[in-house]
Structure formats: C-alpha cells, structure tokens
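In: What shape does this take:
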Amino acid sequence: MCYSLKASPLFTFTNQAGLDLLETTLAVLQYISLEKILDDTGQKVLGTKFPKIMQQGFAYLPVGICMSSMG
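Out: A predicted model of the protein is given here:
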C-alpha cells in the first residue's frame, strides 16, 4: 500500500492484496483516511517509524485495531 503523508494522509496506490486487506476497491481507496484504518497507537507508531520505513522500504506495524472501509 502507498499513501501520501500530508496534513491528512491519503492512500494513493495498493496491489490486490492491499485492497483485499482493506476490503475496498481502487476507486474508493483515495477516500479512506489513515484514521479509519489505524487506531491512535498505530498512527503514533507509524509516525515514529516513518524515517526507517523510508530507508528500508518496508515496515512492520504491531497488532492493533484495524478497521476496513466496510466498518
């Protein structure tokens, strides 16, 4: 999955596995905010791990509350 980190992060691209994980379609992907997918802890972890993600090209986010576009 790929998303832009702006004032309000937005998902911009994913493969079929990412779409299946989020239970959504490519057309709807850009309207899903990070807040709808990660809980507060997950968002904080992503914020602290982002520099390392950029260097390595991947990340492991610990288990937390994750919601799909279906609720």
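
In: For stretch 23-37, buried residues please.
Out: Of the residues in stretch 23-37, T24, L29, I32, I37 count as buried by neighbour count, 16 or more other Cβ atoms under 10 Å. C-beta here means a position set from N, CA and C on the backbone, and glycine is covered the same way.

In: Helices - which of the residues you listed land there?
Out: L29 (DSSP state H).

In: As a markdown table, the buried residues of stretch 23-37 with distance to L46 and pLDDT would be great.
Out: Below are those laid out as a markdown table (distance: Cβ to Cβ, whole Å; pLDDT from 0 to 100):
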| residue | distance to L46 | pLDDT |
| --- | --- | --- |
| T24 | 19 | 83 |
| L29 | 17 | 79 |
| I32 | 15 | 78 |
| I37 | 10 | 76 |
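
In: In strands, which of the buried residues of stretch 23-37 fall?
Out: Cross-referencing the buried residues of stretch 23-37 against strands under DSSP state E gives no overlap.

In: Please identify which pair of the buried residues of stretch 23-37 lies farthest apart.
Out: Farthest pair in these (Cβ to Cβ) is L29 and I37. Separation: 10.9 Å.

In: and for those two, which residues touch both?
Out: L22 (Cβ atoms under 8 Å, 6 or more residues apart in numbering).

In: Any regions of the protein where pLDDT drops low?
Out: Flagging of the chain using pLDDT under 70 yields the residue ranges 1-13, 51, 53-54, 57-71.

In: tell me which element the residue lying closest to E35 once chain neighbours are set aside is part of?
Out: Nearest non-adjacent residue to E35, counting by Cβ to Cβ, 6 or more residues apart in numbering: Q43, 7.2 Å away. Per DSSP states H and E: Q43 is located in helix 40-56.

In: List the buried residues of that helix.
Out: G42, V45, L46.

In: Turn the residues you listed into JSON lines, columns for distance to G18.
Out: Converted to JSON lines, those look like this (distance: Cβ to Cβ, whole Å):
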{"residue": "G42", "distance to G18": "16"}
{"residue": "V45", "distance to G18": "19"}
{"residue": "L46", "distance to G18": "15"}
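
In: I figured L34 was touching K44, is that so?
Out: No - counting by Cβ atoms under 8 Å, L34 stays clear of K44, with 11.5 Å between them.
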